[in-house]
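Undergrad: Please find the sequence and the predicted model below.
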Amino acid sequence: MSEELLVTARDNALIDPGLHIWTWEVAMYLFLGGLTAGIMIFAALAIVRNREQEAPFTAARLALLAPIVLSLGMTTLFMDLEHKLFVYRFYTSFQITSPMSWGAWILIIIYPVSVLQILSTLRTGYSFLAGFVDRLTIGRLILDWCERYRYEIALTVIPFAVMLGVYTGILLSAFSARPFWNNGVLGVLFLISGMSTAAALVVLLARQHSEKELFTRIDLVLILAEIGLVALLLISLASGSAQHLEALESVMGGSYTIPFWVLFVGIGLLIPMLLETLEISGVNKSLAMLAPVLVLIGGYALRQVVMDAGQESTWTNYDTQYSSEVLQRIHRSD
Amino acid sequence: MVIDTKTCIGCGDCVVACKTENNVPEGLNRDWVVEATSGTYPDLKTEFRSERCNHCSNPTCVTLCPTGASHLWNDTNIVLVEPEKCTGCKACIAACPYDARLVMHPDGYIDKCTFCHHRVEKGLDPACVSSCPTGCMHFGLIDDPHSKVSHLLKTREHKVLNPETGNDPNVFYLI
């Protein structure tokens, strides 16, 4: 046998008995960040590929959601910080080796890029909002400029949105101390998942039938890609060293098996894949609205389960003989 | 830092010394003692290890810190956190393969073992080392070939924790 026990009282908050530093706030941010990336990519692609007739919602109206969704995500991210007053410290330095530092700066760049993207289609998409801007001469000039260069703006949006989508995954995969996260698939997986949730959002919000159908098809392709990437993630863990095998165990019989397989793979990928296939082939359209809802749930489930299973995966695993309840009992008897 | 597991008795004085010296709040610990037992009864072997931040030469907590709050002190391998730069994002906690970092409550910045650099710069040993009743802990410069720690590492069999992490830890255990 081999047993390693903590014999002095260690009960460090968020660390003992297992690491649990990040909760739903960070998972929600990763989800909303990915969704924002997807929103911006599709809104830009609709312009670049000239699909304004076929997908009017995506081309003209979708982009407005990006800063709203992202701001919600940044709010939950802020809620997670333990030393909130010092949040400005993200912007007093740039640490080239820290994906989180890259992310902080990408977020700052995303906002002006997103505003340009919104302005470039504001008159078509939200004429009443454009009306307010047009009242000012400078506003009118800006809208004219953005509209004239909307193709170029859309081209500029794509790389930044892709960076936003990928970074949320790289953020986690850079932790060599957490074997579950520590592989290169995560960045691409999170990007594809973000695009899939954005496609689902379009299916839910678009009015035009052809647009719903187009994005159902796009989503199906993305789901298939995501299934492939999940398989690659599992293969890379399964062919790893002892720490990776132990990390894999958490979703193969361990405590995250049900959230991973039922909530993410089942409800988030396989059922929507089936529903979308039935819909596209024209067999059954009665459940058409269910698939995008499930995709959105699955997108969140992916972040939550990867975050939870990842922070518990570790190099150091001591049993502890100490119970914080004992300390509380002593206090009570005082 | 060099710790002799053959003479450590697991008394926990190092833990108390650290809490007292550094005013570590209740419920939080910068160091701890592990009792590792291996073998099959009756051939059991027990090893006591006083553990803390390994002040790695390749510290992933410093690499992944987004603000530069986690840093190496004065070009030594002593890893410190500057509370005024720390946002409490907890990336360094996840980045540490030894789970050696903690959140200071109620303040919120991240804290850890400092190798008592405030004592070291006065030429003193860290509090845990100077309070050890069995004298099993040693502190000094490994770069200096004449130091006590270099001598111990040259003459005794030793190990570090999880060298496979690639972090290049600097707390050595004599075995």
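TA: Arrived safely, thanks for sending. These numbers come from a predicted model, not from an experiment.
Undergrad: Against A:Tyr126, how distant is A:Pro112?
TA: 19 Å (CB to CB, to the nearest Å). Every C-beta, even on glycine, is put in place using the N, C-alpha and C of the backbone.
Undergrad: Please identify which of these two sits among more neighbours.
TA: A:Tyr126 (17 against 10; other CB atoms under 10 Å in any protein chain shown).
Undergrad: mind listing what A:Asp80 touches?
TA: A:22-23, A:25-26, A:29, B:89-90 (CB atoms under 8 Å, 6 or more residues apart in numbering or on different chains).
Undergrad: Quick check: what element follows the helix or strand hosting A:Met307 along the chain?
TA: In this assignment (DSSP states H and E), A:Met307 forms part of helix A:290-312. Downstream of helix A:290-312, the first helix or strand assigned by DSSP H and E is strand A:319-320.
Undergrad: so what strands line up beside that next one?
TA: strand A:2-6 (parallel) (DSSP bridges).
Undergrad: mind listing what's buried in the strand it pairs with?
TA: Buried residues in strand A:2-6, counted by 16 or more other CB atoms under 10 Å in any protein chain shown: A:Leu6.
Undergrad: Please save the CA atoms from that strand in CSV.
TA: These are the backbone C-alpha positions of strand A:2-6, laid out as CSV (Å, rounded to 0.1, in the frame of the first residue of the first chain):
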residue,chain,number,x,y,z
SER,A,2,0.9,3.6,-0.3
GLU,A,3,-0.9,6.2,1.7
GLU,A,4,-0.2,9.9,2.0
LEU,A,5,-1.9,11.7,4.9
LEU,A,6,-1.9,15.3,5.9
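Undergrad: quick one: the closest residue to chain B within chain A and A:Ile218, what's the gap?
TA: Nearest to chain B in chain A, going by CB to the nearest CB, is A:Glu82, at a distance of 2.8 Å. Note on A:Glu82: its distance to A:Ile218, by CB to CB, is 40 Å.
Undergrad: so which helix or strand takes in the closest residue to A:Ala55 other than its chain neighbours?
TA: In space, and not counting its chain neighbours, A:Ala55 is closest to A:Glu211: 4.6 Å by CB to CB, 6 or more residues apart in numbering or on different chains. Assigned by DSSP H and E, A:Glu211 falls within helix A:209-238.
Undergrad: For that helix, what does the pLDDT average out to?
TA: Taken as a whole, helix A:209-238 has an average pLDDT of 96.
Undergrad: Counting by contacts, list what the following helix or strand past it packs against.
TA: Per DSSP H and E, the first helix or strand lying C-terminal to helix A:209-238 is helix A:242-249. Here helix A:242-249 touches helix A:209-238, going by 3 or more CB pairs under 8 Å, 6 or more residues apart in numbering or on different chains; DSSP states H and E.
Undergrad: Let me see the backbone angles for residue 121.
TA: Using chain A. phi -130, psi 20 (degrees, to the nearest 10).
Undergrad: ah, no, chain B please
TA: Torsion angles, degrees, to the nearest 10, at B:Glu121: phi -70, psi -20.
Undergrad: picking that back up, return the distance of the residue of chain A closest to chain B relative to B:Cys92.
TA: 12 Å.
Undergrad: between the two, who's got more neighbours?
TA: B:Cys92 (27 against 22).
Undergrad: Before we go further, that one is sitting in a strand, right?
TA: No: according to DSSP: H, G, I helix; E, B strand; the rest coil, B:Cys92 belongs to no strand; its state is helix.
Undergrad: Not including adjacent chain positions, what is the nearest residue to it?
TA: Per CB to CB, 6+ apart, closest to B:Cys92 is B:Cys61, 3.8 Å.
Undergrad: what do you get for B:Val103?
TA: In space, and not counting its chain neighbours, B:Val103 is closest to A:Glu82: 5.3 Å by CB to CB, 6+ apart.
Undergrad: mind listing what the one you found touches?
TA: A:Glu82 neighbours (CB under 8 Å, 6+ apart): B:87-90, B:103, B:108-110.
Undergrad: Excluding chain neighbours, what is closest to residue 167?
TA: Going with chain A. Nearest one to A:Tyr167, counting by CB to CB, 6+ apart, is A:Gly103 at 4.9 Å.
Undergrad: ah, I was thinking of chain B
TA: B:Cys56 (4.0 Å).
Undergrad: was I right about that neighbour contacting B:Pro169?
TA: Yes: applying CB atoms under 8 Å as the test, B:Cys56 and B:Pro169 come out as touching, 5.1 Å apart.
Undergrad: Tell me which residue in chain B sits closest to chain A.
TA: B:Gly88 (2.8 Å).
Undergrad: Let me know the secondary structure of that residue.
TA: With three-state DSSP as the basis, B:Gly88 sits in coil.
Undergrad: That one and A:His83, how far apart?
TA: With CB to CB as the criterion, B:Gly88 and A:His83 are 3 Å apart.
Undergrad: got any residues that touch both of the two?
TA: B:108-110.
Undergrad: so where is chain A shaky, pLDDT-wise?
TA: A:321-324, A:326-327, A:333-334 (pLDDT under 70).
Undergrad: Packing partners of the helix holding A:Met307?
TA: Partner elements for helix A:290-312 (3+ CB pairs under 8 Å, 6+ apart): helix A:24-48, helix A:150-173, helix A:185-205, helix A:209-238, helix A:271-280.
Undergrad: contacting residues around the lengthiest helix in chain B?
TA: Secondary structure of chain B per DSSP state H: the longest helix is helix B:13-22. Applying CB under 8 Å, 6+ apart, the external contacts of helix B:13-22 come out as A:8, B:24, B:29-33, B:50, B:52, B:113-114, B:116, B:119, B:127-133, B:137.
Undergrad: And the strands in chain B, which stretches?
TA: B:2-4, B:32-40, B:43-51, B:70-72, B:79-81, B:102-103, B:110-111, B:137-138, B:158-159, B:172-174 (DSSP state E).
Undergrad: What lies in contact with the first one?
TA: It refers to strand B:2-4. B:49-50, B:136-140, B:148-149, B:152-153, B:156, B:158, B:171-174.
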